[in-house]
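> The following block contains a protein sequence and its predicted model.
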Amino acid sequence: MKPESPSNLQRVLSDGKFAVTAECGPPRGADPEIIRRKGELLRGHVDAVNVTDNQTAIVRMSSIAACVHLSAMGLEPVMQMVTRDRNRIALQSDILGASSLGIRNILCLSGDHQTFGSQPDAMNVFDIDSVNLVHMVKVMKADGKDMSGFDLISPPRMFIGAAANPFADPFEYRVIRLAKKIDAGADFIQTQCVYNLERFREWMRLAREEGLTEKVHILAGITPLKSEGMAKYMAKKVAGMDVPESVIKRMGGVPKGKAAEEGIGICLETIAALREIKGVHGIHMMAIEWEETVGRIVEAAGLSPRPQAA
Amino acid sequence: MIVGKQKSIAEIREIVSPYKKLLVLGCGTCVKTCFAGGEDEVATLSSALRLLFKKDGRSIYIEELTVERQCEDEFIREAAVAISKNTAVLSLACGAGVQAIARRFANVPVLPGVNTTFIGVLEKQGLFTEECLGCGDCQLAVFGGVCPVSRCAKKLQNGPCGGSRIGKCEINPETDCAWQQIITRLTALGQLDNLRKYNPPKDWRTSHAGGPRKLVREDHVI
Amino acid sequence: MIKKIQPQITLFYCINAFNDRASLSVLSGVAFELKTVKMACSSMVKDVFLLRAFEAGADAVAVFVCPEGQCRYVEGNIRAKKRVNFIKKLLDEIGLEGRRLSLHNAESGDTENIGKIFRQILSDINDMGPNPAK
């Protein structure tokens, strides 16, 4: 890929096509085969593969390294980067390094707090927050300067993403925060998993009212549910998740062996509904350790084949 | 005030065990207010230690004293005689007090009996909460009098994060989400627009990140 | 000759709950040594007083308070209860057994209850042995 060429994800979105990305969690180990296997499952079904950065604060293969393994297979990675573990010096350095390795998409996050992870005794960093990180990448890319104002010899090329949670509180502030991320330089937004369509529609309506959907590409988060237990767990234990009682009931209303099918069914209905919402430019699939289902859902949703890179 | 919590008896026993004559030295300011190291705590801890050592068949001489503040020479002086009579000092002051005593008495081991926990307030009887991290660059005017540096688990300058639910922090349902409070306060004050403005990365030089800090007041230096 | 050592009990009592030492005569014939400390309210029992009773050789310490909701000073008995629980934990940490310290509702004249309380305390001392920090 030439340095000046945009990422595939950027091209799909700017062409006005409905984008599909999927999440891929690196392994708790050094074996690249695991990443390659996950990549193989996603090949052809998505426009980019989103690689988490020590998600849930559990030590895993670094996002940058896993992105490089995917790149080598001809898949386009989205590198997640959290401000929990690195200060601004390390963040900038890793962005330059990632760009040098051909990584063209970044998703800027603050990261799950380490108390949720396997090493709650760790010190966190949080030198800057996710909005600051978006702004930092934007300035590096657009102005060619690092945070000290130094002219970078060659600026990083990055399509900049940020996260939004339409389901967290306080609701009325969520759109203000979205606007802040866009002003800071976000090109695309990935949302928390959508199960509560009603609340999501309301959030999108507010975003449209503020003119935000004209300025940014919103990708709605999708996670297929495997079982009633998973639905309950997500509803109660996962921070910032909104799984309505009706969804839990539906998952519990079918025999255990059919629950996964029901989950996929819910997914497909949600995707169909999302495609009708003005301003939703794509979906982001987070099929946690269930990557094999992504291709099936994408095909069944009529989102296959994916646009070919020019 | 500075809030602290007395160390466990087991840990205190461990650190005082080499000494035969011990001065348990209280501090009558912050740690007294939070029941960690005032006169009452000195008396209770000393009694507990005497019982503990007696039970173990060991003898220890314990002297009890509480001064107004262990972080000021003027009050430290009041403890000089008692310190000279003992082989070690178990200070129930905050970390600053322990070090101030150590600095003045080069040949006496000074041991901490309290874990200094935070700068906070007495929210209600028996409940102390952290309110300040001493970052050295107070921005409470922007945040409606609620500090995101000390009270947000991620120190977010442009919060809240996606984990704020029903006014509570995702890392602990007992903890209020500072950002929810900031928004509530600013809404009440009619200053919610403060939050539309991008808050740039914090300059941490004024905080501990810049190394141990010093304050010089030339007008008071003689 | 080994002198038979009698168990020592220190009793802290609130005079509003119990001010009738005659009630203690129910215990005559039981061999133990009793020290009593009377207080205008059970909330006057500070942490250190309880510990010092043990330092003075008590094998067990009892605190008599008014029933909850009946404290003349509203919450004195609740404070006493919290302190007693705090010191019980401390005694456990020291290795003296928190069980040596107990809190009871007792009323003057209720000799049956008082007798029961003391018999329980003496039986506990018998189980635990004398105060090891004597």
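Nice, thanks for sending it over. Numbering: from 1, shown residues only, chains lettered A, B, ... in the order given.
> Could you use CA atoms for every contact and neighbour count after this?
Will do.
> Pull the residues that contact the lengthiest strand in chain B.
For chain B, the longest strand by residue count, based on DSSP state E, is strand B:114-124. Applying C-alpha atoms under 8 Å, 6 or more residues apart in numbering or on different chains, the external contacts of strand B:114-124 come out as B:1-7, B:36-37, B:91-95, B:128-133.
> buried sites along it?
Neighbour counts using 16 or more other C-alpha atoms under 10 Å in any protein chain shown place B:114-116, B:118-121 of strand B:114-124 among the buried residues.
> what's the angle between the helix or strand that it is followed by and strand B:114-124?
Tracing the chain past strand B:114-124, the next element assigned as helix or strand by DSSP states H and E is strand B:127-132. Computed by axes from the mean of the first three to the mean of the last three C-alpha atoms, to 10 degrees, the angle separating strand B:127-132 from strand B:114-124 equals 100 degrees.
> Any residue of strand B:127-132 touching chain C?
No: using C-alpha under 8 Å from any C-alpha of the partner chain, strand B:127-132 stays clear of chain C, with a minimum separation of 14.9 Å.
> Distance of A:S246 relative to A:A231?
11 Å (C-alpha to C-alpha, to the nearest Å).
> Up against chain A, what does chain B have?
Residues of chain B lying close to chain A (C-alpha under 8 Å from any C-alpha) are B:153-159, B:161-167, B:170-171, B:180, B:183, B:195-202.
> filter those residues to the buried ones?
B:153-159, B:161-165, B:167, B:170-171, B:180, B:183, B:195, B:198-202.
> OK, contacts around whichever residue of chain A sits closest to chain C?
In chain A, no residue comes nearer to chain C than A:D121, which is 25.6 Å away by C-alpha to the nearest C-alpha. A:D121 sits next to A:114-115 when contact means C-alpha under 8 Å, 6+ apart.
> Mind doing that once more with 6 Å?
By C-alpha atoms under 6 Å, 6 or more residues apart in numbering or on different chains, no residues touch A:D121.
> Could you report the pLDDT at A:E4?
With respect to pLDDT, A:E4 scores 60.
> do stretch A:161-181 and chain B meet at all?
Yes: judged by C-alpha under 6 Å from any C-alpha of the partner chain, stretch A:161-181 comes into contact with chain B at A:165, A:168-169.
> A:E292: neighbouring residues, count only.
Counted with other C-alpha atoms under 10 Å in any protein chain shown, residues neighbouring A:E292 total 14.
> how close does it get to C:R99?
60 Å.
> cool, C:V84 as well?
11 Å.
> And the helices in chain C?
C:47-55, C:76-94, C:111-128 (DSSP state H).
> helices or strands up against the last one?
Spelled out, it's helix C:111-128. Applying 3 or more C-alpha pairs under 6 Å, 6 or more residues apart in numbering or on different chains; DSSP states H and E, one finds that helix C:111-128 contacts no other helix or strand.
> in that helix, what counts as buried?
Result for helix C:111-128 [16+ other C-alpha under 10 Å]: buried residues C:111, C:114-115, C:117-118, C:121-122, C:125.
> mean confidence score for it?
The average of the pLDDT scores along helix C:111-128 is 91.
> Please list the residues outside that helix that contact it.
So helix C:111-128 is contacted by C:S23 (C-alpha under 6 Å, 6+ apart).
> mind saving the C-alpha coords of that helix as CSV?
This file holds the C-alpha atoms of helix C:111-128, laid out as CSV (Å, rounded to 0.1, in the frame of the first residue of the first chain):
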residue,chain,number,x,y,z
THR,C,111,-31.8,-12.2,88.0
GLU,C,112,-32.6,-15.1,85.7
ASN,C,113,-31.2,-13.4,82.7
ILE,C,114,-28.2,-12.1,84.6
GLY,C,115,-27.4,-15.5,86.0
LYS,C,116,-27.6,-17.0,82.5
ILE,C,117,-25.2,-14.3,81.1
PHE,C,118,-22.6,-14.9,83.8
ARG,C,119,-22.8,-18.7,83.6
GLN,C,120,-22.2,-18.4,79.8
ILE,C,121,-19.3,-16.1,80.3
LEU,C,122,-17.8,-18.5,82.9
SER,C,123,-18.3,-21.4,80.6
ASP,C,124,-16.6,-19.5,77.8
ILE,C,125,-13.6,-18.7,80.1
ASN,C,126,-13.5,-22.4,81.0
ASP,C,127,-13.3,-23.3,77.3
MET,C,128,-10.7,-20.6,76.4
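> any idea how far that helix is from the chain center?
10 Å (C-alpha atoms, centre = their mean, to the nearest Å).
> Leaving out sequence neighbours, find the closest residue to the one residue in the stretch 101-250 of chain A that gets nearest to chain B.
Of all residues in the stretch 101-250 of chain A, A:G240 sits closest to chain B, at 4.4 Å by C-alpha to the nearest C-alpha. When the adjacent residues along the chain are set aside, A:G240 lies closest to B:G163, with 4.4 Å between them (C-alpha to C-alpha, 6 or more residues apart in numbering or on different chains).
> May I ask which helix or strand encompasses the one you found?
Counting by DSSP H and E, B:G163 is found in no helix or strand.
> Could I get the full set of strands for chain A?
A:19-24, A:48-51, A:77-82, A:105-109, A:159-164, A:188-193, A:217-222, A:280-285.
> would JSON lines of the ones you listed with mean pLDDT and mean neighbour count be doable?
JSON lines is the format used below for those (pLDDT from 0 to 100; neighbours: other C-alpha atoms under 10 Å in any protein chain shown):
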{"stretch": "strand A:19-24", "mean pLDDT": "97", "mean neighbour count": "26"}
{"stretch": "strand A:48-51", "mean pLDDT": "98", "mean neighbour count": "26"}
{"stretch": "strand A:77-82", "mean pLDDT": "98", "mean neighbour count": "28"}
{"stretch": "strand A:105-109", "mean pLDDT": "98", "mean neighbour count": "26"}
{"stretch": "strand A:159-164", "mean pLDDT": "97", "mean neighbour count": "24"}
{"stretch": "strand A:188-193", "mean pLDDT": "97", "mean neighbour count": "24"}
{"stretch": "strand A:217-222", "mean pLDDT": "98", "mean neighbour count": "25"}
{"stretch": "strand A:280-285", "mean pLDDT": "98", "mean neighbour count": "24"}
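> so who does the closest residue to A:Q80 other than its chain neighbours touch?
Of all residues not flanking A:Q80 in the chain, A:L107 sits nearest, at 4.6 Å (C-alpha to C-alpha, 6+ apart). Neighbouring residues of A:L107 by C-alpha under 6 Å, 6+ apart: A:80, A:161-162.
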